[in-house]
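Q: coords please:
(one chain, ligands or ions: 2)
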Amino acid sequence: MDYFPYRDGELHAEDAALSNIAEQFGTPCYVYSRAALENAFRQYQEALSGCDHLICYAVKANSNLAVLDTLARLGAGFDIVSAGELERVIAAGGEPSRVVFSGVAKKREEMALALELGIACFNVESAAELEVLADVAGAMGLCARISVRVNPDVDAQTHPYISTGLRENKFGVTTDEALRVYRRAAELDSIEVVGVDCHIGSQLTQISPFIDALKRLLELVDELEAEGITLRHLDLGGGLGVCYRDEQPPSIGDYIAAVRATLGERKVKLVFEPGRSIAANAGILLTRVEYLKTTPDHHFALIDAAMNDMIRPALYEAWLDIRQVNADADGHRARWDIVGPVCETGDFLGKDRDLALRQGDLLAVSGAGAYGFTMSSNYNSRPRAAEVMVEGEHVHLVRERESFADIIRGEHRLPPGN
Ligand SMILES: Cc1ncc(COP(=O)(O)O)c(C=O)c1O
Ligand SMILES: N[C@@H](CCCC[NH3+])C(=O)O
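A: Ligands and ions are numbered 1, 2, ... in the order given. Okay, here's the model as predicted:
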């Protein structure tokens, strides 16, 4: 199902014409399809039917309240990495009892908030964190449910910046260290051991690294069981890739089926933390060509979106498809570099794209629903983009474009006379 189809020569989001959205809300603007989000989430649900599970959407991928609300209504849990993400989940109507808390450097006050709200589980990433958590929970007279994040040392075969399950990465603990952390956790009154987790990286396009990681976790589960420490859930993290260009990631169904087959008859609750595979292809970034400029070496299309709006191409050399909203455009056909207004040579959204462009044309950057807006910034004092969510032909403004007042909120000049 294509949630961003061409109809009568014009690109739409579901049944809403992108040109109307640009007219009404301006550009740059993130446009999300509610149906696409729901469809991806339901694929996880269907693949996990008949099996005790919790699908904790990774809030960092796209934390807009409307996105969280959409998923919460389908029964999603949430994977968070900060108190701010937890507050967002609550603000969107999510259930704290379905939240897992990942992150290598949780602060005491973040732990306290999560304990007060009664989250499902802390994914503990070090022995030192366990001690602090036990102390915070003890002082509150509460018990913290924990899982230990294991770094299984498997190669996720993805971009090095988004690979997290190798020995040299900062995430989690080795399996040997995990045994020690679990033994210590079992001794602490304010800690309840409930699970084990890992997250080996993002944008994985093969199943085998997931299965290798799972097998290592299962060995650990058995070792712990032999010591009398029983785990109730197994959290494989997120990481399933999507097709941005020509990648062929496994389908959600095939991935989950492979996990279930590896588990066999074991009775353990399965937890997943998908982000990208739910949100990436549910969003586009709508932008307008401000100017065209041809130099001796290059054709540049200067657009009104920039690396501050979508940093993935600059940060990971990520490739995102760029389509013309008007399919019948009869502009200047050339191989264009699609670049933004920011004063950095790395400010590009695409290079060498075969398009027929005119000044004023609208472009849609695909695969922008995950790690798009959430990684945006105010660099160059640019207001962050508006976000809209489409439902059929209805378009809801789900985040207003920032104003200059928003940008300088909280800043102060020096006191007069100094
Ligand atoms: C702990 C954890 N869980 C889940 C995710 C979501 O990953 P993805 O968006 O690749 O599914 C991430 C980000 O990579 C993460 O760090
Ligand atoms: N931000 C990354 C994904 C990292 C996920 C965080 N562990 C991306 O855009 O691909």
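
Q: Might one say that Lys106 is in contact with Glu129?
A: Yes: between Lys106 and Glu129 there is a contact under C-beta atoms under 8 Å: 6.4 Å. Yep, even glycine has a C-beta here, placed from its N, CA and C like the rest.

Q: Quick check: Asp135 vs Gly350, distance?
A: To Gly350, Asp135 is 49 Å away according to C-beta to C-beta, to the nearest Å.

Q: what's the answer for Glu387, then?
A: 21 Å.

Q: How about Gly253: what's its closest non-neighbour residue?
A: Leaving aside its sequence neighbours, Gly253 sits nearest to Ala47 (C-beta to C-beta, 6 or more residues apart in numbering; 4.7 Å).

Q: and the one you found, how many neighbours?
A: By the measure other C-beta atoms under 10 Å, the count of residues near Ala47 is 20.

Q: Next, give phi and psi for it.
A: phi -70, psi -20 (degrees, to the nearest 10).

Q: number of nearby residues for whichever residue of the stretch 251-400 of the chain sits closest to ligand 1?
A: Nearest residue of the stretch 251-400 of the chain to ligand 1, counting by C-beta to the nearest ligand atom: Gly275, 2.7 Å away. Gly275 is flanked by 24 other residues according to other C-beta under 10 Å.

Q: secondary structure class for Gly94?
A: Secondary structure state of Gly94, per DSSP: H, G, I helix; E, B strand; the rest coil, is coil.

Q: nearest residue to it other than its sequence neighbours?
A: Counting by C-beta to C-beta, 6+ apart, the residue nearest Gly94 is Ala72, at 4.3 Å.

Q: Distance-wise, check the one you found relative to Asn281.
A: 20 Å.

Q: Those two: which is more packed in?
A: Neighbours per residue, other C-beta under 10 Å: of Ala72 and Asn281, the larger number sits with Asn281, 24 against 19.

Q: Roughly how far does the more buried one sit from ligand 2?
A: Here the distance between Asn281 and ligand 2 works out to 13 Å (C-beta to the nearest ligand atom, to the nearest Å).

Q: Enumerate the residues of the protein near ligand 1.
A: Within the chain, the positions lying close to ligand 1 (C-beta under 6 Å from any ligand atom) are 58, 61, 79, 102, 199, 202, 237-240, 273-277.

Q: ok, 8 Å please
A: 58, 60-61, 79, 81, 102-103, 123, 149, 162, 164, 171, 197, 199, 201-204, 237-241, 273-280, 370-371 (C-beta under 8 Å from any ligand atom).

Q: Next step: those restricted to strands.
A: The members of those that map onto strands under DSSP state E are Ala58, Asp79, Asn123, Arg149, Asp197.

Q: Most widely separated two among these?
A: For those, the maximum inter-member distance is 13.8 Å, found between Ala58 and Arg149 (C-beta to C-beta).

Q: quick check, nearest of the ones in strands among the residues of the chain next to ligand 1 to His298?
A: Taking these together and measuring to His298 by C-beta to C-beta, the closest member is Ala58, at 37.1 Å.

Q: How about that closest one, nearest residue that isn't a chain neighbour?
A: Gly275 (3.2 Å).

Q: ok, now which ones touch that neighbour?
A: Tyr57, Ala58, Val59, Lys60, Ala61, Asn62, Asp79, Ser202, Gly238, Ala370, Tyr371 (C-beta atoms under 8 Å, 6 or more residues apart in numbering).

Q: still on that earlier bit, quick check: the residue of the stretch 251-400 of the chain closest to ligand 1 vs Ser63, distance?
A: In terms of C-beta to C-beta, Gly275 sits 10 Å off from Ser63.
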